[in-house]
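Chemist: Task: produce atomic coordinates for the following.
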Amino acid sequence: MGMPVTVDIRDAAPSAVGFGSGARGGDARSTSLPHNVAVRIMRVRSSGRKPNPGEIFVGSVESQDPLGEASTLFRMTEITFSDGARNKLHVHETDQLLLVTAGLGIVATEQVEHEIASGDLALIPAGERHWHGARPGQNMTHWSILGPGKTAIV
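Modeler: Down below sits the predicted model:
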């Protein structure tokens, strides 16, 4: 076996990343990544959460960023908001996905608040001024998934 290599899937042929005809029932071998692409497995456990006193948060928050610098296409952070903690009104340059994995929370824009619970997926469009966090008296954990871009408190 050779050394693992990194493939930029934006430049790869569709069948090289599993999206070619094999993914629809053709040759099963074409649905896999090339044998020399390094696949990384990150173990995500609650023990990986650390207090996050970031200026964007109000209240007690823990977070973990298992991808770190492993991806240039995604920022993926697990955030746990305790007892009504939330973040401040902010905006992203890219769409944001929030996947709630535990508890009860709120996603709000300047006009409306939406209740969210475990199993819910929220899509927040780029440029939408919003905040999110746990409902008062509740805890809530979600995954925040973003593309490259900046986040600004407003």
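Chemist: and the longest strand anywhere in the chain, which residues are buried?
Modeler: Counting by DSSP state E, the longest strand found in the chain is strand 96-109. Buried residues in strand 96-109, defined by neighbour count with 16 or more other C-beta atoms under 10 Å: Gln96, Leu97, Leu98, Leu99, Val100, Gly103, Leu104, Gly105, Ile106, Val107, Ala108. For every residue, glycine as well, the C-beta is placed using N, CA and C.
Chemist: Ok, stretch 60-77 next?
Modeler: Within stretch 60-77, the residues that qualify as buried are Ser60, Val61, Glu62, Ser63, Gln64, Asp65, Leu67, Arg75, Met76, counting by 16+ other C-beta under 10 Å.
Chemist: The last one is in what secondary structure piece?
Modeler: Element membership for Met76, per DSSP states H and E: strand 75-81.
Chemist: Need the CA coordinates for that strand. PDB is fine.
Modeler: Provided in PDB are the C-alpha atoms of strand 75-81 (Å, rounded to 0.1, in the frame of the first residue of the first chain):
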ATOM      1  CA  ARG A  75     -16.800  23.900  10.400                       C
ATOM      2  CA  MET A  76     -18.600  21.500  12.600                       C
ATOM      3  CA  THR A  77     -19.000  22.200  16.300                       C
ATOM      4  CA  GLU A  78     -21.000  20.400  19.000                       C
ATOM      5  CA  ILE A  79     -22.400  23.000  21.500                       C
ATOM      6  CA  THR A  80     -24.200  22.300  24.800                       C
ATOM      7  CA  PHE A  81     -26.100  25.200  26.300                       C
END
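Chemist: Next, the angle from it to strand 96-109.
Modeler: For strand 75-81 against strand 96-109, the angle by axes from the mean of the first three to the mean of the last three C-alpha atoms, to 10 degrees is 40 degrees.
Chemist: which pair in the buried residues of strand 96-109 spans the largest distance?
Modeler: Gln96 and Leu104 (19.4 Å; C-beta to C-beta).
Chemist: Does Gly48 touch Gln64 like I think?
Modeler: Yes. Taking contacts as C-beta atoms under 8 Å, Gly48 lies within contact range of Gln64: 4.3 Å.
Chemist: Pick out the most distant pair among the buried residues of stretch 60-77.
Modeler: Ser60 and Leu67 (23.7 Å).
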